[in-house]
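S.K.: Kindly return the folded structure for what I paste below:
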Amino acid sequence: MILPSRASRVRAEAALLEAVAEDDPTKVSSALGLTHKYAGELLALKVKATYNNASDGSAFFHSIASYGLQFQLGENITELAKRNGMTEALKILETVEKRLVPLTVPLGRPLETEALLLKAISADDGAEITKLASSVNARQVSRILSLKVKDSYNDANDSTAFYHSVASHSLKFQLGDTLLDLAVRNEKPSAVESLKKLLGYEVSSEMQQSTKESSKESSKVIKAFVRNAMSGEELCQISAESSWTIARLAEEVARVAPAAGGCRIFLLGESAVMAGTTLADLTEGDTLELSSLVRENVSGVYFTTIAGDGGLDDPLGPLGGPGGRLLPGGRRPKPAELRLELCEDGTALVEYSAKPIDRGHCAPPSGGHFVSASGTWTFAAPGVKVDLTKGFHGHFIRMIPTRASKWEQEQSISLAMAKEDQFDVVDVVCRSSRSSPETVSLRSPHVLCPKGAAFVKTEGRRRLLKNFRMDEEFD
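M.R.: Numbering: from 1, shown residues only. The predicted structure follows:
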């Protein structure tokens with residue numbers, strides 16, 4: 001339950017996330033005005049393993065994935081904008097951040113070297129690590145090597161913790177990790193060798209082998225207790241690995257306590273848990289208690305957005321569409337839209353729509369790309385499985401969808417219900433092309449539906465494209 005005192009901040013957070021997802025600097029400025037009383041709070045929010053927790057004022061309340069944004073745990077809004085390439089939004093966020101959060105660096109602490117070392121570990125560049133270590137004095141090297149990952153960062157006054165976000169360098173971590181621990185955990189052999197030399201280790205082939213073994217041992221056994229959220233009755237106990245995701249756990253729970261004719265939702269306390277969250281992110285011990293609900297009525301219309309990369313595979317092309325040019329300032333197109341409809345009769349409809357850029361001509365814009373596919377859906381662990389079998393794709397002419405061709409296909413989308421009225425994409429299989437969802441071109445007939453995307457239920461405000469096509473053309 002959201003208290004009235006926090007409702008305004010939650011709404012402001014939603015407006016800011018939407019503005020960043022659209023890379024709209026005007027909306028970012030409006031949502032995060034310097035005189036806004038929530039500006040400092042919004043800049044400090046972090047992505048955590050759970051969300052919808054109104055009592056945690058340091059975490060995003062909303063699901064980041066539901067805005068079509070990629071993320072790593074621990075990131076703030078500025079880092080989210082940077083990760084997703086939202087350049088216009090990033091300029092505003094960094095400007096506001098500098099004014100509201102002035103950086104004070106204690107004398108003698110080489111923050112730039114720390115950041116470069118994390119980058120070198122991520123790239124497994126041992127030579128660069130050695131070079132960076134030689135650029136500062138021995139005392140500073142010793143301090144950097146002893147830094148540890150803590151539950152907070154950007155604290156220049158804590159000389160024992162990393163100042164920078166480890167997650168922003170695409171590194172897996174656990175609290176308490178040092179640079180060497182990070183290199184071992186992320187299987188970076190060249191970085192491990194260089195760091196051990198700096199620490200005075202004798203590096204042998206046997207020790208190199210031990211680093212690989214220790215990375216495997218980093219996944220420990222966790223006893224997961226799952227209870228009925230309504231009655232408190234224990235449903236099952238699962239012996240799981242700490243590296244398992246909630247979606248993987250759901251599959252095991254389904255074998256022991258199947259939710260016939262429904263989707264199982266997992267909760268940590270009162271907080272929703274993302275399907276891709278690992279058990280290690282939820283507990284540091286060897287036990288984990290989760291509560292569970294089963295939702296049977298899941299039919300309806302769900303919606304999400306996907307940000308294009310602006311490259312050759314972008315639905316609008318590198319120049320913003322056939323024969324077109326980028327808008328002044330090189331603005332990127334708005335995110336593509338994905339619409340999922342689960343019908344009560346077991347049929348499913350999925351539509352991908354990337355609208356063309358409006359370049360200011362007198363006529364409505366043309367270009368873009370759309371894919372419309374149909375099939376069936378069934379309840380299947382970890383939640384719902386959608387099987388698409390046929391469809392068509394095309395582009396827009398003066399904003400009117402025009403079909404290019406029909407096709408027969410085999411594409412399956414596995415969904416897990418993260419909370420009521422929200423599905424997270426767990427897996428996508430494109431059998432006819434024998435390709436992974438990451439390699440499916442946005443111009444291919446398959447529906448681009450990346451893992452981790454979050455579909456949120458809507459109340460009829462998103463219509464299928466066929467609702468405003470000529471029926472005789474799209475039978």
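
S.K.: how much space between the nearest residue to residue 178 once chain neighbours are set aside and residue 59?
M.R.: Closest residue to residue 178 apart from its sequence neighbours, by Cβ to Cβ, 6 or more residues apart in numbering: residue 148 at 5.9 Å. Using the backbone N, CA and C atoms, a C-beta is placed for each residue, glycine as well. Computed with Cβ to Cβ, to the nearest Å, the distance linking residue 148 and residue 59 is 22 Å.

S.K.: Next: residue 346.
M.R.: From residue 346 to residue 59 the distance is 37 Å (Cβ to Cβ).

S.K.: the more surrounded of those two?
M.R.: residue 59 (17 against 11; other Cβ atoms under 10 Å).

S.K.: And the more buried one, how far from residue 42?
M.R.: 12 Å.

S.K.: same question, residue 89
M.R.: 13 Å.

S.K.: Which strands and helices lie in contact with the strand or helix carrying residue 349?
M.R.: Here residue 349 sits within strand 347-354, counting by DSSP states H and E. Judged by 3 or more Cβ pairs under 8 Å, 6 or more residues apart in numbering; DSSP states H and E, the packing partners of strand 347-354 are strand 336-342, strand 367-380, strand 383-397.

S.K.: Any chance of the ones you listed in JSON lines with mean pLDDT as columns?
M.R.: Below are the helices and strands packed on strand 347-354 laid out as JSON lines (pLDDT from 0 to 100):
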{"stretch": "strand 336-342", "mean pLDDT": "90"}
{"stretch": "strand 367-380", "mean pLDDT": "87"}
{"stretch": "strand 383-397", "mean pLDDT": "85"}
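
S.K.: Kindly reformat those strands as JSON lines containing distance to residue 265 and mean neighbour count.
M.R.: Formatted as JSON lines, these follow (distance: least, Cβ to Cβ, whole Å; neighbours: other Cβ atoms under 10 Å):
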{"stretch": "strand 336-342", "distance to residue 265": "16", "mean neighbour count": "22"}
{"stretch": "strand 367-380", "distance to residue 265": "13", "mean neighbour count": "21"}
{"stretch": "strand 383-397", "distance to residue 265": "9", "mean neighbour count": "19"}
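
S.K.: Show me the one of those strands that comes nearest residue 70.
M.R.: The closest of those to residue 70 is strand 336-342. By Cβ to Cβ, the value is 14.2 Å.

S.K.: quick one: stretch 57-70 to chain centroid distance?
M.R.: 9 Å (Cα atoms, centre = their mean, to the nearest Å).

S.K.: Give me the buried positions along that stretch.
M.R.: 59, 60, 61, 62, 63, 64, 65, 66, 67, 68, 69 (16 or more other Cβ atoms under 10 Å).

S.K.: now, the most widely separated pair of the residues you listed?
M.R.: Farthest apart among those - using Cβ to Cβ - are 59 and 68, which lie 19.5 Å from each other.

S.K.: ranges for the strands of this protein?
M.R.: Listed in chain order, the strands of the chain (DSSP state E) span residues 50-51, 221-228, 234-241, 263-268, 271-273, 287-295, 300-306, 336-342, 347-354, 367-380, 383-397, 400-419, 422-430, 454-458.

S.K.: how about the last one: buried residues?
M.R.: Right, strand 454-458. Buried residues in strand 454-458, counted by 16+ other Cβ under 10 Å: 454, 455, 456, 457.

S.K.: roughly how far apart are the residue nearest to the second one when sequence neighbours are not counted and residue 454?
M.R.: To tie it back to what came earlier, the one meant is residue 455. Leaving aside its sequence neighbours, residue 455 sits nearest to residue 302 (Cβ to Cβ, 6+ apart; 3.7 Å). Separation of residue 302 from residue 454 (Cβ to Cβ) stands at 9 Å.

S.K.: overlap in contacts of these two?
M.R.: Shared contacts of residue 302 and residue 454 (Cβ atoms under 8 Å, 6 or more residues apart in numbering): residue 423.

S.K.: out of the helices and strands packed on strand 347-354, nearest to residue 247?
M.R.: Across those, closest to residue 247 is strand 383-397 (Cβ to Cβ), at 8.1 Å.

S.K.: and the angle from the closest one to strand 336-342?
M.R.: Orientation of strand 383-397 against strand 336-342 (axes from the mean of the first three to the mean of the last three Cα atoms, to 10 degrees) gives an angle of 130 degrees.

S.K.: Output the contacting helices and strands for strand 383-397.
M.R.: Short answer (3+ Cβ pairs under 8 Å, 6+ apart): strand 383-397 packs on strand 263-268, strand 336-342, strand 347-354, strand 367-380, strand 400-419, strand 422-430.

S.K.: All set, thanks.
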